[in-house]
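Asks: Give the three-dimensional model of this entry:
(4 chains)
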Protein chains: 4
Amino acid sequence: MKELRVGIAGLGRLGRVHAANLAHKIPGAVLTAACVPGADSQAYARQELGLEKVYGDFREMVADPELDAVAIVSPSGEHCWQIEAALDAGKHVFSEKPLGVTMEQCLQAEAAVARHPELVCMLGFMRRYDKSYAYAKEKIAAGAIGTPYLVKSTGIDPEAVVEGAIRYSGTSGGIFLDSAIHDMDLMRWFLGSEAAEVYAMGCTFKHPAFQDAGDDETGVAVYKFKNGAMGMVHVGRTAPYGYHIETEIVGTEGTIRISAVPEKNRAMVYDVNGARTECVESFPERFAEAYLTEMEEFVRCVREGRKPDTGVADGIYATRVGYATTEAWKTGKIVKI
Amino acid sequence: MKELRVGIAGLGRLGRVHAANLAHKIPGAVLTAACVPGADSQAYARQELGLEKVYGDFREMVADPELDAVAIVSPSGEHCWQIEAALDAGKHVFSEKPLGVTMEQCLQAEAAVARHPELVCMLGFMRRYDKSYAYAKEKIAAGAIGTPYLVKSTGIDPEAVVEGAIRYSGTSGGIFLDSAIHDMDLMRWFLGSEAAEVYAMGCTFKHPAFQDAGDDETGVAVYKFKNGAMGMVHVGRTAPYGYHIETEIVGTEGTIRISAVPEKNRAMVYDVNGARTECVESFPERFAEAYLTEMEEFVRCVREGRKPDTGVADGIYATRVGYATTEAWKTGKIVKI
Amino acid sequence: MKELRVGIAGLGRLGRVHAANLAHKIPGAVLTAACVPGADSQAYARQELGLEKVYGDFREMVADPELDAVAIVSPSGEHCWQIEAALDAGKHVFSEKPLGVTMEQCLQAEAAVARHPELVCMLGFMRRYDKSYAYAKEKIAAGAIGTPYLVKSTGIDPEAVVEGAIRYSGTSGGIFLDSAIHDMDLMRWFLGSEAAEVYAMGCTFKHPAFQDAGDDETGVAVYKFKNGAMGMVHVGRTAPYGYHIETEIVGTEGTIRISAVPEKNRAMVYDVNGARTECVESFPERFAEAYLTEMEEFVRCVREGRKPDTGVADGIYATRVGYATTEAWKTGKIVKI
Amino acid sequence: MKELRVGIAGLGRLGRVHAANLAHKIPGAVLTAACVPGADSQAYARQELGLEKVYGDFREMVADPELDAVAIVSPSGEHCWQIEAALDAGKHVFSEKPLGVTMEQCLQAEAAVARHPELVCMLGFMRRYDKSYAYAKEKIAAGAIGTPYLVKSTGIDPEAVVEGAIRYSGTSGGIFLDSAIHDMDLMRWFLGSEAAEVYAMGCTFKHPAFQDAGDDETGVAVYKFKNGAMGMVHVGRTAPYGYHIETEIVGTEGTIRISAVPEKNRAMVYDVNGARTECVESFPERFAEAYLTEMEEFVRCVREGRKPDTGVADGIYATRVGYATTEAWKTGKIVKI
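Replies: Presented below is the predicted three-dimensional model:
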């Protein structure tokens, strides 16, 4: 079976992670092209990634008949039309989450996917591919905790990068759309049911700039699911200790909790501060292996003619719940989904 | 300074803990009387506690001029009138939580306290006296986590005693009044602000008997506080691993989390199941030391003429929020407090 | 059954712990006398403990016909003759470890115990009464780890009190006699066998004063037991994080490890240093509950006419192994025991 | 810079890990050849790895002028002559540990390395490349724990694969040479000093077959280093919970401990057994990332003309200490190194 030739759109922080993986770490794949707007990124593509085919225009890249697939890691607002353009050009698609920033975009992407049942379109819900999350899913499937009925999900970005979050706070769609998409996805994945109702609120105690931009520093939300199960979400942006992603699934026979302490590694330091572990600093550090695993899965899906577990429908669901949560937060009302 | 002569009302599970502490472990106190209805409990008082003064009638006990104070560990519905009767008889009062089961009762007790500024009336919010909670409070006062803005509080009773919970589910006032009173108190204590608004929901996945009785197995609630801070509560009754009380206080400069794993002791067992710790089985086990510490504090307060930190106002607050939470849960609406 | 009237010898740091427990916390016991040399300690006994009978001379105290028992918490060199004198005066004895500082003393105390089979003589190996150690013992007895064949034991005093250790380093008998007596006892207790052979070494990297006094800052030793099992001991005096007592018992079917992290309480702080727990600072803090439990057991033994699990034979064994370890350390040779 | 063409010798369990990494995961390297004896392995090389050049004879493989380097993952007794043959054929060498099984072999390999200063010869002490160990090393270099003076190192293979260990126990050189080579290396690496003296012992409580073969199930050893520091090693083969590698470095200002619990991942399960984490099952699982990292470092060293940190001298040291430990264990005497 021949190697999958992949082009990448976007070489930001996460784009470079995916590009390096595609270039060096994914059996059966070869990175052959990149589409990036700026001269700097184009130079990076040529020199660091050794690519000959470097584009400024996405449609031009997907017109390349030698290309088999694209990895879309562009800004969120570009995902949907690029998915559509790539599929219509006959390319398999891996796209970063979120699927899109409006429901209209998302539905258009869904239609494109429906038009091309012969192509793979996978969404980058990489947490599902993290070995701890995958282990939890397997355990639950095997009955380890009985019937899951409550998911508690926490995601706090590090204070160290709060300036960036403040900068985008006017345009990011607000904290829930910006930070809680994975939690929307995971709750459904673990509970096997869809959210029916949401109530949400937020607060800002450290950086008033968030509120100035109509956003909040921290958000909490609770969900009632169609099957009666419940969800609790806490998202934030100011963890002084690093990047904190924690998920707990409570079931009738047990509970699984992932990462109560976001340990950087297996070392514990005992010193005048007590006994401590340093924490992971960023999403690329925390999910380095998951980014690789999901891309391996994408490549295997294409080569084996399989559909991945995470597709456009998952993106539409997560976005819809993200909007409902945002509405609940903005209006102070309970919102039906 | 002479020893405080204390009478106890109620010798149930927790009553016996307090009685044993008062009899043997509290410097400056001596247990001299008990008031219990049944013959069995009266025999226990005489034989196990060695008491000569054993009453069936509370008013009779507090009429004893030799008695200085009473510890009220009777059923929740009796607390308020007993507080009033004891104060009016000139006795200092330690009462278990909750203060009462209706707001009317609570306000009557409050009036009695106001009538007797010369007497101590302390409520048994023992979690505040647990060394981990007290440590967190001190750390926060010292600025260790900046300004606290979110408390996440979890309390799950063990599946092992679920039959008792089912039995009382029709009369307990429901899961929030029954199980979340401490969480109401702790959130205010840590945040330094009062709850302004609550939204709540519940579910029952294991024991339908709860729903048959109009109750729920598990409840979650979120709170907005007057100062803008937030609270999340998760209470349940079916932990297969033991008794799980966990509290997290999130602040602008750090977070303190108490008891992510409710370890029974310091031992870890490595065996075919992996590496594991057993968990505490019950509230008397988890808070044994706190029950002692709070009673020591009560005795010291009386002897030193001080007022304790936990009084009737705390009980009124917690009960009011408990009722509001119950209303939110029952109606599915956001409730102002 | 009447209350046990106990006199205490010694009111140093640990003596005051025992005195307070006997005075206030032990059902069935009452502290009635103290024997201490200095005026300050005598004043403490009178004022803080409220004792009327305060002695400077031990033999005088044990001559009191109203006294039932003594708790010996005097300097190590005094233990043996005081045990003998108390037993010969017909008093039950609780003595702190070590039994004595020379084997001759120890054997003399053993003879006194043999002369008085009607009396209880208990040694203060409080670690056995710590709830985590007691839990490990029970689990092992129940077969949880199969046959135990290796004990790894660690005891590190806090750097915070190193000045005291340096001050006594010339007279303490060296690090193993000073710090490893509990480890000697625990290894035998858990393995069910006695040490046959020892090899030991030490080093000093921080405070040369230890070596100037012929002592060492840190010592390690390995033991071969009669049944073929093995032991590893690491003792030190310079833990910057607190007081670290850790014991691991390795068996054919599992391992139990007690206190890999000497957590102060159940709270974890997440801040710029990562996620951390503060550590216990001292032996009175770490073993507060064990000191109480062992004294309760002593009092129960006397009142119930039972012999305690920890007696003079345990003290003799531990001292003998302590001397052998010291010889191995000093000579650099393997020493048979 | 052109890609490094690498041939692999050996396709056993670890050989396949390295082969897969070289084939798919190492930037700048390409796997072009394999040398394996059996028909099955040769078929694996052709079909699974897609290699055209598959040899039965090592010298034949290294005679290939298109080959730049070899990765030696053959049985331990073959390492040294293959290193020599490869270097003499002008190939860079990565060899698995141990360097050799006799000191003579090791010295011959050392001479070959000395003859070829233009070539890279790296030994697979992968633990140094594990992110937790590398983190500890960096922290220590930065002064985080002051001067390290004691290393406690534990390595226990899983009971699940004990049959294999029993099968090789007559020919493996005994538990210390078989299992403690990494510990020898790590102690020196962390302490910055070489072992001067060793005392060791072993025992067998579960599988008498080890002792029948002149081996032991479990071994412990203590080391005195030239700079006065100390080392403690515990190696075993019967962990019921998985593969347990733990290392603690004690310094004058703090301690770093790596992997007190060999957690499989970040998930904790709370169920009727308490709160537990499953453990890693094998060395390929525990050190998957380290095997990749060390090979990346090898390839970078060759391409950048650098020498790696782990070379033949490290192998000679570890083997020498392994033999001294074995002698101590067999003779029951203290052995100078």
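Asks: Longest helix in chain A, please.
Replies: The residue-count maximum for a helix in chain A (DSSP state H) belongs to helix A:312-331.
Asks: List the buried residues for that helix?
Replies: Of the residues in helix A:312-331, A:312, A:314-326, A:328-329 count as buried by neighbour count, 16 or more other Cβ atoms under 10 Å in any protein chain shown. Where you see a C-beta, it was placed from the backbone N, CA and C, and this is true even at glycine.
Asks: before we move on, what about stretch A:211-230?
Replies: In stretch A:211-230, the ones that count as buried by 16+ other Cβ under 10 Å are A:211, A:213, A:215-225, A:228-230.
Asks: Enumerate every residue touching residue A:143.
Replies: residue A:253 (Cβ atoms under 8 Å, 6 or more residues apart in numbering or on different chains).
Asks: which stretch of helix or strand covers it?
Replies: Counting by DSSP states H and E, no helix or strand carries residue A:143.
Asks: Would you mind measuring from it to chain C?
Replies: According to Cβ to the nearest Cβ, to the nearest Å, residue A:143 stands 25 Å off from chain C.
Asks: which bits of chain A sit near chain D?
Replies: Neighbours of chain D within chain A, by Cβ under 8 Å from any Cβ of the partner chain: A:20, A:23-27, A:131-132, A:135-136, A:139, A:144-145, A:253-260, A:263-272, A:289.
Asks: Put the buried members of those into a ChimeraX selection.
Replies: Buried members of the residues of chain A next to chain D, identified by 16+ other Cβ under 10 Å, are gathered into one ChimeraX selection as follows:
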select /A:20,23,24,25,26,132,135,136,139,144,145,253,254,255,256,257,258,259,260,263,264,265,266,267,268,269,270,271
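Asks: From the residues of chain A next to chain D, which land in strands?
Replies: Counted as lying in strands by DSSP state E, out of the residues of chain A next to chain D, are A:255-258, A:267-271.
Asks: Could you dump the residues you listed into a markdown table with pLDDT added?
Replies: As requested, those are exported to a markdown table (pLDDT from 0 to 100):
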| residue | pLDDT |
| --- | --- |
| A:255 | 98 |
| A:256 | 98 |
| A:257 | 98 |
| A:258 | 98 |
| A:267 | 97 |
| A:268 | 97 |
| A:269 | 97 |
| A:270 | 97 |
| A:271 | 96 |
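Asks: Distance to residue C:174 added to those residues, as a markdown table?
Replies: Below are those laid out as a markdown table (distance: Cβ to Cβ, whole Å):
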| residue | distance to residue C:174 |
| --- | --- |
| A:255 | 50 |
| A:256 | 50 |
| A:257 | 47 |
| A:258 | 48 |
| A:267 | 33 |
| A:268 | 30 |
| A:269 | 30 |
| A:270 | 25 |
| A:271 | 27 |
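Asks: and chain B, which of the residues of chain A next to chain D reach it?
Replies: Near chain B, by the rule Cβ under 8 Å from any Cβ, you find A:253-255, A:257, A:260 out of the residues of chain A next to chain D.
Asks: Which secondary structure elements does the helix or strand just after the longest helix of chain A sit against?
Replies: As assigned by DSSP H and E, the chain's next helix or strand after helix A:312-331 is strand A:335-336. Applying 3 or more Cβ pairs under 8 Å, 6 or more residues apart in numbering or on different chains; DSSP states H and E, one finds that strand A:335-336 makes contact with strand A:195-203, helix A:312-331.
Asks: pLDDT on the last one, on average?
Replies: Helix A:312-331 carries an average pLDDT of 97.
Asks: what helices or strands is it leaning on?
Replies: With contacts taken as 3+ Cβ pairs under 8 Å, 6+ apart, helix A:312-331 sits against helix A:103-115, strand A:121-123, helix A:175-179, helix A:181-191, strand A:195-203, strand A:218-225, strand A:335-336.
Asks: what's the answer for the shortest one, then?
Replies: Under the contact definition 3+ Cβ pairs under 8 Å, 6+ apart, strand A:195-203 sits against helix A:181-191, strand A:218-225, helix A:312-331, strand A:335-336, strand B:218-225.
Asks: pLDDT weak spots in chain A?
Replies: A:1 (pLDDT under 70).
Asks: In it, which residue sits furthest out from the middle?
Replies: residue A:272 (38.2 Å; Cα atoms, centre = their mean).
Asks: and after the strand or helix carrying residue A:150, which helix or strand comes next?
Replies: Using DSSP H and E, residue A:150 maps to strand A:148-158. Sequence-wise, the next helix or strand downstream of strand A:148-158 (DSSP H and E) is helix A:162-167.
Asks: circling back to that earlier point, looking at the helices and strands packed on helix A:312-331, which is closest to residue D:122?
Replies: Nearest to residue D:122, of all these, is strand A:121-123, at 38.0 Å by Cβ to Cβ.
Asks: Contacts for the closest one, please.
Replies: Here strand A:121-123 has contacts from A:83, A:87, A:92-97, A:99, A:113, A:294, A:297-298, A:301, A:308, A:310-312, A:314-315, using Cβ under 8 Å, 6+ apart.
Asks: Among the residues you listed, name the ones in helices.
Replies: Reading helices off these with DSSP H, I get A:83, A:87, A:113, A:294, A:297-298, A:301, A:312, A:314-315.
Asks: Quick one: residues contacting residue A:52.
Replies: Residues near residue A:52 by Cβ under 8 Å, 6+ apart: A:32, A:46.
Asks: Recalculate using a threshold of 6 Å.
Replies: Not one residue lies near residue A:52 by Cβ atoms under 6 Å, 6 or more residues apart in numbering or on different chains.
Asks: coming back round to it: output the helices and strands packed on strand A:195-203 as CSV; include the columns distance to residue D:64.
Replies: Shown next, in CSV, are the helices and strands packed on strand A:195-203 (distance: least, Cβ to Cβ, whole Å):
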stretch, distance to residue D:64
helix A:181-191, 49
strand A:218-225, 61
helix A:312-331, 49
strand A:335-336, 68
strand B:218-225, 66
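Asks: Excluding sequence neighbours, find me the nearest residue to residue A:232.
Replies: Distances taken as Cβ to Cβ, 6 or more residues apart in numbering or on different chains put residue A:152 closest to residue A:232, at 4.6 Å, once the chain neighbours are dropped.
Asks: shouldn't that neighbour be in contact with residue A:248?
Replies: Yes - between residue A:152 and residue A:248 there is a contact under Cβ atoms under 6 Å: 4.3 Å.
Asks: Find residues that contact each of those two.
Replies: What both residue A:152 and residue A:248 touch, as defined by Cβ under 6 Å, 6+ apart, is an empty set.
Asks: Spell out which parts of the stretch 201-337 of chain A neighbour chain C.
Replies: Applying Cβ under 6 Å from any Cβ of the partner chain, one finds that the stretch 201-337 of chain A approaches chain C through A:240-241, A:261, A:270-279.
Asks: run the last query once more with 8 Å
Replies: Residues of the stretch 201-337 of chain A lying close to chain C by Cβ under 8 Å from any Cβ are A:239-242, A:244, A:261-264, A:268-279.
Asks: helices and strands around the host helix or strand of residue A:249, which ones?
Replies: Using DSSP H and E, the element containing residue A:249 is strand A:244-251. On a contact count with 3+ Cβ pairs under 8 Å, 6+ apart, strand A:244-251 meets helix A:131-141, strand A:148-158, helix A:181-191, strand A:255-258.
Asks: Quick check: which of these is nearest to residue D:234?
Replies: Comparing the helices and strands packed on strand A:244-251 under Cβ to Cβ, the one sitting nearest is helix A:131-141, at 28.4 Å.
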